[in-house]
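**Q** Got a sequence here, can you build the structure:
(one chain, ligands or ions: 1)
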Amino acid sequence: VQRSHVTYFGAGPAPLPTPVLEKAAEVLLNYKDKGIGLCEISHRSPEANDILARTKQALATLLDIPDDYDILFLQSGGSGEFSATVYNLVSIWVEKKRAKIAEEVGDNTDEVLKRLRQVVDEELKLDYLVTGSWSLKASQEASRLIGAKHVNIAADARKANHGKFGKIPSEDQWSLTPRAAGGPALVYFCDNETVDGVEFPSFPRSLEGDDAPLVCADMSSNFISRKVDVSKYAVIFGGAQKNIGNTGIAIVIIRKSLLPPHSTPASPDLLRHLNLSVGPIVLDYPTIAKNNSLYNTLPIFDVWVAGEVMSGLVDSFGAKRIGGQEEVSDEKARLIYEAIERCPDVYRVVPDKSVRSRMNICFRVNGGDADKEKAFLAGAEKKGLLGLKGHRSVGGIRASNYNAVSLNGVKLLVAYLDEFAKSA
Ligand code: PLP
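**A** You can find the predicted model right below:
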């Protein structure tokens with residue numbers, strides 16, 4: 001089957017632009033006429049450094065990332081960042097508290113530790129907005145690492161929705177840790193829930209303001225698909241394998257004030273003393289930042305692919321930057337949702353209209369009739385429309401509308417949606 005005859009709507013790993021893959025095939029064999037391929041050269045070579053710098057620059061340009069943010073590359077995958085955000089921000093929170101107590105009680109180490117233990121016990125909270133499977137997993141990882149009593153589920157979207165994901169509770173129903181009491185160590189949300197097709201329409205207002213908490217967002221499945229006001233976030237992260245590149249790296253955008261010398265992490269001894277776990281060094285943001293993401297071997301080929309994809313977008317959209325991609329993404333999503341809504345007797349979008357994702361379009365055929373959905377998928381496959389099966393945990397159909405899915409491919413899907421509905 002020819003690549004050009006297929007449109008792949010899988011949720012990740014996801015399609016990459018064909019010209020990038022063609023060039024990738026070349027550089028794998030021979031990078032810049034050195035007679036050796038890109039996976040074979042040192043991650044500390046000048047070539048690798050150039051790739052790293054170029055990729056960072058492309059992302060910074062695309063998203064208009066302010067100067068007081070750093071960009072890190074890790075092999076953690078998206079899931080590794082569930083842990084990294086906890087380790088790093090808890091560590092900063094603890095050290096801040098320690099310093100404050102030390103200021104009050106002076107050099108009496110025993111007294112500092114006694115008070116700090118009490119403060120950790122009573123005040124350490126991490127707020128999670130659970131709006132789908134991935135934020136649920138992140139909150140579960142936080143509980144596993146630091147104990148459930150420190151994890152505040154500030155919102156659980158299933159509660160007001162018959163136990164299912166598909167809505168985001170209104171902000172007045174959230175129970176965030178009060179800022180007056182020092183606030184949480186972090187507030188976490190998943191900007192786009194890949195499995196459930198739920199996307200935050202905009203940045204939550206209750207997380208704004210001068211004394212705003214440290215907001216961490218998982219953008220694995222909607223990274224570089226719309227404008228983002230980076231300055232509102234402490235940490236943005238995402239696995240590369242959907243909109244950005246191939247599987248193998250995660251990208252972290254972090255506020256520099258959370259890194260040394262502006263912030264000091266708690267010492268491993270102190271964390272152990274407080275019965276808090278010490279994170280692996282490969283997830284330690286200060287270590288990764290200090291080493292320009294080269295603390296350990298970085299898969300430079302993966303960074304190169306991400307750089308090619310993002311430089312391509314910079315070139316395509318010029319001054320519009322990511323706003324140009326946002327227009328395209330919105331248009332493609334609009335076409336698909338309109339086609340689904342044209343035939344309400346046959347199709348039903350799963351999530352609520354106010355929060356439905358532009359990236360992962362989840363719907364049911366004939367109310368979730370297993371045979372009809374099978375027939376829908378089989379018919380789609382015959383037309384080269386692949387990867388439309390919903391996540392195994394929720395079933396149904398999911399059309400993932402990532403950046404590399406072409407407008408033409410979307411139009412083919414729309415035509416098929418109309419055709420199938422007529423015959424259903
Ligand atoms: N977060 C989101 C939103 C995802 O969609 C995924 C994977 O699909 C992950 C996190 C986990 O990423 P990884 O498989 O790289 O750990």
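**Q** ok, now how distant is Pro213 from Val86?
**A** For Pro213, the distance to Val86 equals 15 Å [Cβ to Cβ, to the nearest Å]. C-beta coordinates here come from the backbone N, C-alpha and C atoms, glycine included.
**Q** which residues pair with Val235 across the strands?
**A** Counting by DSSP bridges, Val235 is bridged to Cys216, Ile254.
**Q** wait, what's in contact with it?
**A** 85, 88-89, 186, 214-217, 252-255, 258 (Cβ atoms under 8 Å, 6 or more residues apart in numbering).
**Q** just Val328 next, same as before
**A** Val328 neighbours (Cβ under 8 Å, 6+ apart): 403, 407.
**Q** that's a helix at it, yeah?
**A** Yes. With DSSP: H, G, I helix; E, B strand; the rest coil as the criterion, Val328 is located in a helix.
**Q** how close does Lys320 sit to the ligand?
**A** Here the criterion is Cβ to the nearest ligand atom, to the nearest Å. By it, Lys320 lies 26 Å from the ligand.
**Q** Kindly report the same for Gly390.
**A** With Cβ to the nearest ligand atom as the criterion, Gly390 and the ligand are 13 Å apart.
**Q** Also Cys39?
**A** 20 Å.
**Q** Make sure Met359 is actually in contact with Asn401.
**A** Yes. Using Cβ atoms under 8 Å, Met359 is in contact with Asn401, at 5.6 Å.
**Q** between these two, which one's more packed in?
**A** Met359 (30 against 25; other Cβ atoms under 10 Å).
**Q** OK, contacts around the more buried one?
**A** 192, 194, 199, 221-222, 225, 242-243, 329, 333, 400-402 are the contacts of Met359 under Cβ under 8 Å, 6+ apart.
**Q** What's the local residue count around Asp68?
**A** Asp68: 11 neighbours (other Cβ under 10 Å).
**Q** Excluding chain neighbours, what is closest to it?
**A** Lys256 (4.9 Å; Cβ to Cβ, 6 or more residues apart in numbering).
**Q** Of all the residues in stretch 225-244, which ones are buried?
**A** By 16 or more other Cβ atoms under 10 Å, the buried positions in stretch 225-244 come out as 225-226, 228, 230, 233-244.
**Q** now, which of those residues sits nearest Val414?
**A** Ser225 (19.3 Å; Cβ to Cβ).
**Q** Double-check that that closest one belongs to a helix.
**A** No. If the criterion is three-state DSSP, then Ser225 is coil and not within a helix.
**Q** my guess is it contacts Gly324, does it?
**A** No. Ser225 is not in contact with Gly324 according to Cβ under 8 Å; the separation is 11.1 Å.
**Q** if I look at the closest residue to Asn30 other than its chain neighbours, how far off is Val198?
**A** When the adjacent residues along the chain are set aside, Asn30 lies closest to Gly37, with 6.2 Å between them (Cβ to Cβ, 6+ apart). Between Gly37 and Val198 the distance is 41 Å, computed by Cβ to Cβ.
**Q** higher neighbour count, those two?
**A** Between Gly37 and Val198, counting by other Cβ under 10 Å, Val198 is the more crowded of the two (29 against 14).
**Q** Provide a list of residues in contact with that one.
**A** Per Cβ under 8 Å, 6+ apart, neighbours of Val198: 131-132, 157, 165-168, 192, 351, 355-357.
**Q** from these, which two are the most distant?
**A** It's Lys167 and Asn192 that sit farthest apart of the contacts of Val198, by Cβ to Cβ, at 14.7 Å.
**Q** wait, what's in contact with the residue in the stretch 301-424 of the chain that the ligand sits nearest to?
**A** As assessed by Cβ to the nearest ligand atom, the ligand sits closest to Asn360 within the stretch 301-424 of the chain, at 8.3 Å. Neighbour list for Asn360: 11, 192-197, 221, 398-401 [criterion: Cβ under 8 Å, 6+ apart].
**Q** now with 7 Å?
**A** Going by Cβ atoms under 7 Å, 6 or more residues apart in numbering, Asn360 touches 11, 194, 197, 221, 398, 400.
**Q** Can you sort out which of these also neighbour the ligand?
**A** 194, 221 (Cβ under 6 Å from any ligand atom).
**Q** that older thread, count of neighbours near the residue nearest to Asp68?
**A** 15.
**Q** Can you tell me how far it is from Pro184?
**A** The value you get for Lys256 to Pro184, if Cβ to Cβ is used, is 21 Å.
**Q** residues near the closest residue to Lys389 other than its chain neighbours, how many?
**A** Of all residues not flanking Lys389 in the chain, Leu377 sits nearest, at 5.8 Å (Cβ to Cβ, 6+ apart). Using other Cβ under 10 Å, Leu377 has 18 other residues around it.
**Q** Any buried residues in the stretch of helix or strand Leu377 belongs to, and which?
**A** Per DSSP states H and E, Leu377 falls inside helix 370-382. Going by neighbour count (16+ other Cβ under 10 Å), the buried part of helix 370-382 is 372-373, 375-377, 380.
**Q** do the same with stretch 46-60
**A** Quick answer for stretch 46-60 (16+ other Cβ under 10 Å): 47-48, 51-52, 54-60.
**Q** Tell me which stretches of the stretch 251-400 of the chain form helices.
**A** Taking DSSP state H, counting those that start in this stretch to define them, one finds helices in the stretch 251-400 of the chain at 268-273, 285-290, 300-317, 322-342, 370-382.
**Q** what residues does the stretch 151-300 of the chain put near the ligand?
**A** 190, 194, 218, 220-221, 239.
**Q** longest helix in the protein, by residue count?
**A** In the chain, ranked by residue count with DSSP state H as the criterion, the top helix is helix 77-105.
**Q** elements contacting that one?
**A** Packing partners of helix 77-105 (3 or more Cβ pairs under 7 Å, 6 or more residues apart in numbering; DSSP states H and E): helix 109-123, helix 133-146, strand 186-190, strand 215-218, strand 235-239, strand 250-255, helix 268-273.
**Q** Export the ones you listed as JSON lines, with columns for mean pLDDT.
**A** Converted to JSON lines, these look like this (pLDDT from 0 to 100):
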{"stretch": "helix 109-123", "mean pLDDT": "96"}
{"stretch": "helix 133-146", "mean pLDDT": "98"}
{"stretch": "strand 186-190", "mean pLDDT": "98"}
{"stretch": "strand 215-218", "mean pLDDT": "98"}
{"stretch": "strand 235-239", "mean pLDDT": "98"}
{"stretch": "strand 250-255", "mean pLDDT": "98"}
{"stretch": "helix 268-273", "mean pLDDT": "97"}
